[in-house]
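S.K.: predicted model and sequence below, questions to follow.
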Amino acid sequence: MTSPLIEGLRNWADGFSADRAAVELLITHESWLVRPDFLDRCVTEMPVEELFDPARPIAIIDWDETFRAVVDGLPASSSMVAILRIAVSLGRGEPVDLRDALVGLDATNTAAVATAVVTAAQADTRVHVTLAPRDLPGWLRQG
């Protein structure tokens, strides 16, 4: 997913590992950054005339407003809410209960969260996270 919005968010977060981790988590998840209700409430794309370099777009996530959106119960699936809560934790420093937030995430989202944590720790050039889907225990399988 590439767009002026994505480029702007990456430009804004460049140099700040926690913001970059949170932004990349939202980009990887692919759901929040296409929702008009989220974008209108939490993201500001800077007008070209206000940019230092008009060729370098900037889009800013208001982490305080994003936190309020989570608290207000912005409608979303449980995995979407979990991803947003973790992104807010990285971007704003808001504590998140990982035991609660990680339950129910699939392998793709779990790997995205793990990659975000590694990125926040400034170790992303040395670590890449890939998780294979796990097999269910026999007693949970149908048939």
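M.R.: Noted; the coordinates are in hand.

S.K.: so Asp37 touches Asp72, yeah?
M.R.: No: with contacts counted by CB atoms under 8 Å, Asp37 stays clear of Asp72, the gap being 11.0 Å. C-beta: built from backbone N, CA, C; applies to glycine.

S.K.: and Glu24, how far is that from Pro137?
M.R.: To Pro137, Glu24 is 33 Å away according to CB to CB, to the nearest Å.

S.K.: neighbour count for those two, which is higher?
M.R.: Counted by other CB atoms under 10 Å, Glu24 and Pro137 do not tie: Glu24 has more neighbours, with 22 against 7.

S.K.: now the more buried one: which helix or strand?
M.R.: helix 17-29 (DSSP states H and E).

S.K.: and the closest residue to Thr44 other than its chain neighbours, which of the three is it?
M.R.: Leaving aside its sequence neighbours, Thr44 sits nearest to Ile60 (CB to CB, 6 or more residues apart in numbering; 4.9 Å). With DSSP: H, G, I helix; E, B strand; the rest coil as the basis, Ile60 sits in strand.

S.K.: I'd like to know how many residues surround Ile60.
M.R.: 16.

S.K.: pretty sure it contacts Val43?
M.R.: Yes: between Ile60 and Val43 there is a contact under CB under 8 Å: 7.0 Å.

S.K.: A strand includes Thr44, no?
M.R.: Yes: under three-state DSSP, Thr44 falls within a strand.
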